[in-house]
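*Asks:* Kindly generate the corresponding structure for this input.
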Amino acid sequence: MPHDVSLIATIATGFGLAMILGLLAIQLRMPPLVGYLLAGVVISPATPGFVGDVGLAGQLAEIGVMLLMFGVGLHFSLRELLAVRRIAVPGAIVQIAVAVVLGMGVAMSWGWHWGGALIFGLCLSVASTVVLLRALEAKGLLDSINGRIAVGWLVVEDLVMVLVLVLVPALAGVRGGAGAGRSADAGELWTAMGLTLAKVAAFIAVMLVVGRRVFPKLLWWVARTGSRELFTLCVVAAAIGVAFGAALLFDVSFALGAFFAGMMMRESEYSHRAADESLPLRDAFAVLFFVSVGMLFDPAVLWQEPLKVLAVVAIIMVGKTLAAIGLVLLFRYPLNTALTIGASLAQIGEFSFILAGMGVALNLLPAQGQSLVLAGALISIAANSAVFAAIGPLQQWLRQRSERVRRFEQRDDPLAELPMSTDPKQLTGQVVLVGYGSVGRRMAAELREQQIPFVVAEQNREIVETLRKEGIPAVSGDAAEPEVLIQAHIARAAMLVITPPDSMRARRMVETARALNPQVEVLLRTLSEDEAVLLRQEGLGTVFLGKEELSRSMSTQVLDRMRPHHGTVNLRS
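*Replies:* Here you go, the predicted structure:
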């Protein structure tokens, strides 16, 4: 042909094979992303036939990561990020340290130098943004406390990896790698670290001061034109433009830049429309991400070094997961939260590929190390859906078989019980409000204004502590567990309001509530029309659907129903 069409060929072949193999994977009761990964292997240099352009595929995958993180930012407020900082920050740092120690220990037992072993351990320590978010979205957990902790944990990991990427060339100087020229000293390492932290802080400051003012106005101006394509263009340009500018000017990752751009645009009243408009592009480029991962993989490593591959997978899916579970339990979160966070982090992805490639280029990491990292990524990504599916059965099995687990869940926790000083008047005819996210907060404000008693059941311990300081009755724990609703005095409640859109857990909450209080009225929130129809058919309660007017309509319903119990209520117009 008269011109180069490698981009078109790579996209056409990648999408076509991904569709075919994705359909085949679903027929075999496997997640479709397994098919996407295999599509990449088929068009990789390691297999015969057509070979896609690996460089172009990698760049297309980066666009997918940007759009995906931008979408997460649109749903993830700064308040929610700060609300989980007390577990996400120490948890991510300790979990990274555990994975690095395990990776270094294994690599040095293979005879590798400490520099290569350190890079190898770092590659195994950081989870994939795309895989984590897709798994949470598929399970409907992205807006839950478990999802917020996992995303906050991931943001901290990204910040740490940004710092690592700047320090790796300096490490090559100490090690004497390619292009080092001379050995770097400790002073240069500290200087590089301080400069990186300053750049990250400057970027965050610019986004908080300038971005949160500019982006909402920009969306408003474009929305006034009435042009749908211009609105979509604005959203995509903001996501990719800010991500690229953040990497160019502040040396932060594309993913982190796009994430903060989304968080700032969330301040706009058009943020939900922006999320919906960018969804098709996010899905399409996410597929290219998985295809690009498969293109980097050489299947020969599976039969040439099976024991080493097994060790890598064990570190990623067992060592790192157990470390995360232990840390979450240490912070007194429920077993379900611990298992969910552990499953979320039981894989590696894009930062691992970048680190491995840089390590090989600087002669720090052996070429075999990059192959092992890719093998571990491919296997852990393919198995991640199965790991998530095993959470429920594993939790049930542990409770049935382990006396220690049962004692652990029944341990004395001051936040799991209402204070003895709680006014008894607030525990009769009250509203039990499950979840204190954006919807729960607005409903609580309405109830307080109308002086209607309520008790909050919330999994985020920091939120429970804050509520108690404000004099609001609150208990910490998963309301799907009977003891949490019992502590909220559901037996004497007039109404149960479930705001987190998790239908599976909501069913268990309703069953427990009606077993203890057959007269209790139930209100549920869902984000899916199909799920809303199903919940109504099951007769679980009054179901509310939607995002924009959800909290207002639910509050109105609560206030209307509570009139007979607490006199005349004047609703705000």
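
*Asks:* Pull the number of nearby residues for the closest residue to L141 other than its chain neighbours.
*Replies:* With Cβ to Cβ, 6 or more residues apart in numbering as the criterion, L141 has its nearest non-adjacent residue at 4.3 Å, and that residue is G147. Bear in mind the C-beta positions are built from the backbone N, C-alpha and C, glycine included. Per other Cβ atoms under 10 Å, the neighbour tally for G147 reads 28.

*Asks:* What is the helix or strand where L467 lies packed up against?
*Replies:* Using DSSP states H and E, L467 sits within helix 461-469. Judged by 3 or more Cβ pairs under 8 Å, 6 or more residues apart in numbering; DSSP states H and E, helix 461-469 is in contact with strand 454-458, strand 474-476.

*Asks:* Output that helix as PDB - backbone C-alpha positions only.
*Replies:* What follows is helix 461-469, C-alpha atoms only, in PDB (Å, rounded to 0.1, in the frame of the first residue of the first chain):
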ATOM      1  CA  ARG A 461     -14.400   3.500  60.800                       C
ATOM      2  CA  GLU A 462     -13.100   7.100  60.300                       C
ATOM      3  CA  ILE A 463     -16.600   8.200  59.300                       C
ATOM      4  CA  VAL A 464     -18.100   6.500  62.300                       C
ATOM      5  CA  GLU A 465     -15.600   8.200  64.600                       C
ATOM      6  CA  THR A 466     -16.400  11.600  63.100                       C
ATOM      7  CA  LEU A 467     -20.200  11.000  63.400                       C
ATOM      8  CA  ARG A 468     -19.800  10.200  67.100                       C
ATOM      9  CA  LYS A 469     -17.900  13.300  67.700                       C
END
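
*Asks:* What ranges in the stretch 301-450 of the chain fall below the confidence cut-off?
*Replies:* Low-confidence segments of the stretch 301-450 of the chain, defined by pLDDT under 70: 403-416.

*Asks:* rewinding a little: would you mind giving the helices and strands packed on helix 461-469 as JSON lines with mean pLDDT added?
*Replies:* Putting these into JSON lines (pLDDT from 0 to 100) gives the following:
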{"stretch": "strand 454-458", "mean pLDDT": "89"}
{"stretch": "strand 474-476", "mean pLDDT": "87"}
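
*Asks:* Any idea which of the ones you listed gets closest to V106?
*Replies:* strand 474-476 (38.0 Å; Cβ to Cβ).

*Asks:* May I have the strands that pair with that closest one, each with its orientation?
*Replies:* Its sheet considered, strand 474-476 pairs with strand 454-458 (parallel) by DSSP bridges.

*Asks:* Quick one: neighbours of the residue nearest to V98 when sequence neighbours are not counted, just the number.
*Replies:* In space, and not counting its chain neighbours, V98 is closest to A323: 4.0 Å by Cβ to Cβ, 6+ apart. A323 has 22 neighbours, counted by other Cβ under 10 Å.

*Asks:* Next one: A323 relative to G437, how far apart?
*Replies:* 28 Å (Cβ to Cβ, to the nearest Å).

*Asks:* ok, now Y270?
*Replies:* The value you get for Y270 to G437, if Cβ to Cβ is used, is 20 Å.

*Asks:* neighbour count winner among these two?
*Replies:* Per other Cβ under 10 Å, whichever of Y270 and G437 has more neighbours is G437, with 23 against 18.

*Asks:* what's the helix or strand for the residue nearest the centre of the chain?
*Replies:* Compute the mean C-alpha point of the chain, and by Cα atoms, centre = their mean the closest residue is V151, 3.3 Å away. Here V151 is covered by helix 145-175, with elements defined by DSSP H and E.

*Asks:* and E458, what does it touch?
*Replies:* Shown in contact with E458 (Cβ atoms under 8 Å, 6 or more residues apart in numbering): 145, 434-436, 440, 464, 467, 474-476.

*Asks:* try it again with 10 Å
*Replies:* E458 makes contact with 145, 415, 433-437, 440, 464, 466-467, 474-479, 484, 500, according to Cβ atoms under 10 Å, 6 or more residues apart in numbering.
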